[in-house]
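Participant: next input, structure requested:
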Amino acid sequence: MGDALNPAEMLPHLMRLGTVLNRSHLVERAMEQVGIPLDRPGLTVLITLRLAGRPLRVGEIATRMQVVGPHVTRHLHDLERAGLVRRVTDPGDQRARLVELAESGDAAAGRYLAAVFGWFAEALADWPEEDQATFGRLLARFVTDVEAHFTAE
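Facilitator: All right, here's what the predicted structure looks like:
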């Protein structure tokens, strides 16, 4: 049991990661790559839609962003005016509307993600592929389990 995870040893690393991400202005630098003046929530809506790979209802976007629907709706109005998203009829329910990325919104989200993914890939470039895969798998599992723990409270 000597190799068991010690949370006291892990915490300083998590704090350092948070500090590095904040001090490096990662989000702001990546937003510059977008080339469209967006706020963080607006960009998060675009990324949420891009990662979903399909149009979503406002409630689905809110759930994925872990916010309430009215928060998303406020940002959707600005994104629609900018031509980055559009509302379309839900083929499964003609009364409902879905939100989909417009071509310019998809391109903006793609530029942002390419910048972030590129920086992370550079940071891990010297790691063996097996270590990269293990890290990705364990990080996803960790976040999912922590999220589930706090959601259950």
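
Participant: could you list the low-confidence segments of the chain?
Facilitator: 1-2, 153 (pLDDT under 70).

Participant: helices and strands around the helix or strand hosting residue 77, which ones?
Facilitator: Using DSSP states H and E, residue 77 sits in helix 69-81. In this structure, helix 69-81 makes packing contacts with helix 40-52, helix 58-65, strand 85-90, judged by 3 or more C-beta pairs under 8 Å, 6 or more residues apart in numbering; DSSP states H and E. The way it works is simple: take the backbone N, C-alpha and C, and place the C-beta from them, glycine included.

Participant: name the surrounding residues that touch whichever helix in the chain runs longest.
Facilitator: Taking DSSP state H as the criterion, the chain has its longest helix at helix 129-152. Outside helix 129-152, the residues that touch it by C-beta atoms under 8 Å, 6 or more residues apart in numbering are 124, 127.

Participant: how does it look with 6 Å?
Facilitator: Contact with helix 129-152 is made by residue 124, as judged by C-beta atoms under 6 Å, 6 or more residues apart in numbering.

Participant: how far is that helix from where the chain is centred?
Facilitator: 15 Å (C-alpha atoms, centre = their mean, to the nearest Å).

Participant: and the helices and strands packed on helix 69-81: which comes nearest residue 122?
Facilitator: helix 40-52 (20.1 Å; C-beta to C-beta).

Participant: can you state the direction angle for that closest one and helix 69-81?
Facilitator: 90 degrees (axes from the mean of the first three to the mean of the last three C-alpha atoms, to 10 degrees).

Participant: by contact count, what packs against helix 40-52?
Facilitator: Packing partners of helix 40-52 (3 or more C-beta pairs under 6 Å, 6 or more residues apart in numbering; DSSP states H and E): helix 58-65, helix 69-81, helix 103-123.
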